[in-house]
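> The amino acid sequence is not available; the structure is as follows:
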Ligand SMILES: NC(=O)c1ccc[n+]([C@@H]2O[C@H](COP(=O)([O-])OP(=O)(O)OC[C@H]3O[C@@H](n4cnc5c(N)ncnc54)[C@H](OP(=O)(O)O)[C@@H]3O)[C@@H](O)[C@H]2O)c1
């Protein structure tokens with residue numbers, strides 16, 4: 001199966017490239033510099049040339065806070081870029097995989113969100129992703145939309161990397177204690193994507209297309225997530241203990257951040273594809289191991 005990945009330079013894009021390559025799939029990965037998903041002509045030309053069976057969109061305007069002040073660019077990438085890709089996939093006979101987010105929900109529901117719950121985004125980023133989803137549903141019937149939450153990786157600029165850098169530098173940190181969700185390691189997410197693709201590739205049941213949720217196992221707060229990153233880094237001998245202080249979202253300057261609970265229920269994915277959740281604590285361990293391997297490879301060169 002021929003797989004093309006847009007936004008291949010991002011944290012999920014890089015994890016997808018690694019996992020698909022390890023699985024022997026030879027994916028075509030295109031960074032933003034190689035393919036701008038908002039350029040319909042370029043997208044059509046690349047799909048005509050590469051003839052992928054599946055296009056995975058890992059390109060996004062993903063900074064929730066910055067999106068509040070730059071709605072035009074956010075909608076251009078997350079909504080209009082998704083529409084460009086979905087149309088091109090439908091025209092060229094490829095299936096489309098769109099990654100989406102827990103921010104499509106309002107975060108007011110005490111129980112986990114199922115795919116059947118009504119989206120009600122409360123910020124620009126969440127709304128742009130929801131409208132992106134709607135465009136995908138409209139233009140490309142053979143689609144998979146996978147919503148996930150709090151993605152972290154050993155690469156790129158994300159909560160995990162920033163927390164680890166502060167722990168290594170011995171600087172205290174603050175963690176929000178009134179936002180609850182499930183951290184998800186990009187490596188685990190990539191394994192889920194490939195497991196779904198393999199099944200739709202060999203099972204012709206049209207019922208498989210649609211919208212699913214995946215996040216790593218275990219609801220937590222940003223505060224507890226930060227504490228766990230620090231304690232695992234200390235255990236691995238990569239940092240020394242630092243102070244982690246709980247704070248409330250209202251203490252942050254960023255208006256896109258508010259107290260919310262957005263745990264995603266993953267039962268639909270499990271009962272349809274048989275895919276179970278992996279734990280985010282194992283994800284932290286794996287991410288730290290990847291950094292150690294990278295550092296020892298640099299030292300031995
Ligand atoms: N991060 C999370 O916590 C999270 C949670 C739930 C869902 N998701 C979803 O997961 C997906 C991947 O996110 P991520 O965390 O990997 O984000 P990321 O690290 O910010 O990567 C996004 C990539 O998209 C690229 N990009 C931006 N505009 C583009 C364009 N017009 N054409 C092509 N590429 C473009 C970016 O390039 P530049 O760096 O050059 O701008 C970047 O390499 C997104 O759909 C996101 O909405 C993420």
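Great, that's in hand. No experiment lies behind these values; they were computed from the predicted model shown.

> For the rest of this, base every contact and every neighbour count on C-alpha atoms.
Noted.

> Just the buried residues of the longest helix seen in the chain, please?
Assignment by DSSP state H gives helix 280-300 as the longest helix of the chain. By neighbour count with 16 or more other C-alpha atoms under 10 Å, helix 280-300 contains the buried residues 280, 281, 283, 284, 286, 287, 288.

> go on, stretch 6-15?
Quick answer for stretch 6-15 (16+ other C-alpha under 10 Å): 6, 7, 8, 9, 10, 11, 12, 13, 14, 15.

> In TSV: these, plus distance to the ligand and secondary structure.
Conversion of the buried residues of stretch 6-15 to TSV gives the following (distance: C-alpha to the nearest ligand atom, whole Å; DSSP: H, G, I helix; E, B strand; the rest coil):
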residue	distance to the ligand	secondary structure
6	6	strand
7	4	coil
8	6	coil
9	4	coil
10	3	coil
11	4	helix
12	4	helix
13	6	helix
14	8	helix
15	9	helix
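
> so what's the residue most central in space within the chain bridging to?
Per C-alpha atoms, centre = their mean, the C-alpha nearest to the average position across the chain is that of residue 151, at 5.0 Å. Residue 151 has these beta-bridge partners by DSSP bridges: residue 184.

> Show me the strands in the chain, by range?
Using DSSP state E, the strands of the chain run over 3-6, 28-30, 54-57, 95-101, 143-148, 151-152, 173-176, 179-181, 184-185, 210-213, 220-221, 244-247, 260-261.

> if we can go back for a sec, now, among the buried residues of helix 280-300, which is nearest to residue 133?
residue 280 (25.7 Å; C-alpha to C-alpha).

> what's near enough to touch the residue nearest to the closest one when sequence neighbours are not counted?
Excluding the flanking residues, the one nearest residue 280 by C-alpha to C-alpha, 6 or more residues apart in numbering is residue 216, at 5.2 Å. Listed by C-alpha atoms under 8 Å, 6 or more residues apart in numbering, the contact partners of residue 216 are 182, 183, 184, 185, 188, 277, 278, 279, 280.

> who wins for most neighbours among these?
Within the contacts of residue 216, residue 185 tops the neighbour count with 30 neighbours, counted by other C-alpha atoms under 10 Å.

> Surely that residue is in contact with residue 280?
Yes - using C-alpha atoms under 8 Å, residue 185 is in contact with residue 280, at 6.3 Å.

> which one is residue 278 nearest to, not counting chain neighbours?
Nearest residue to residue 278, sequence neighbours excluded (C-alpha to C-alpha, 6+ apart): residue 216, at 5.3 Å.

> Quick check: that neighbour vs residue 209, distance?
Residue 216 is 22 Å from residue 209, where distance means C-alpha to C-alpha, to the nearest Å.

> Can you list the helices and strands that the worst-scoring helix or strand of the chain on mean pLDDT packs against?
The weakest-scoring helix or strand in the chain, judged by mean pLDDT, DSSP states H and E, is strand 260-261 (a mean of 91). Here strand 260-261 touches strand 179-181, going by 3 or more C-alpha pairs under 8 Å, 6 or more residues apart in numbering; DSSP states H and E.

> Partner strands of the strand it packs on, with direction?
Sheet pairing here is set by DSSP bridges, and for strand 179-181 it gives strand 220-221 (antiparallel), strand 260-261 (parallel).

> how far out from the middle of the chain is the first one?
Read that as strand 220-221. The chain centroid and the centroid of strand 220-221 are separated by 17 Å under C-alpha atoms, centre = their mean, to the nearest Å.

> ok, and what's touching that strand?
So strand 220-221 is in contact with 176, 177, 178, 179, 180, 181, 182, 183, going by C-alpha under 8 Å, 6+ apart.

> Likewise for stretch 8-25?
By C-alpha under 8 Å, 6+ apart, stretch 8-25 touches 1-3, 5-7, 26-27, 29-32, 58-59, 152-153, 155-156, 186-187, 189-191, 194.

> residues contacting residue 46?
Contact analysis of residue 46 by C-alpha under 8 Å, 6+ apart lists nothing.

> Then residue 44?
So residue 44 contacts residue 88 (C-alpha under 8 Å, 6+ apart).

> Likewise for the one 3 residues further on?
When the contact criterion is C-alpha under 8 Å, 6+ apart, the partners of residue 47 are 88, 89, 92.

> Any idea how far apart the tips of stretch 165-179 sit?
End-to-end for stretch 165-179, by C-alpha to C-alpha: 22 Å.

> what comes up buried for it?
The neighbour-count check on stretch 165-179 (16+ other C-alpha under 10 Å) flags 167, 168, 173, 174, 175, 176, 177, 178, 179 as buried.

> Residue 228 - how many residues pack around it?
So residue 228, with other C-alpha under 10 Å, has 14 neighbours.
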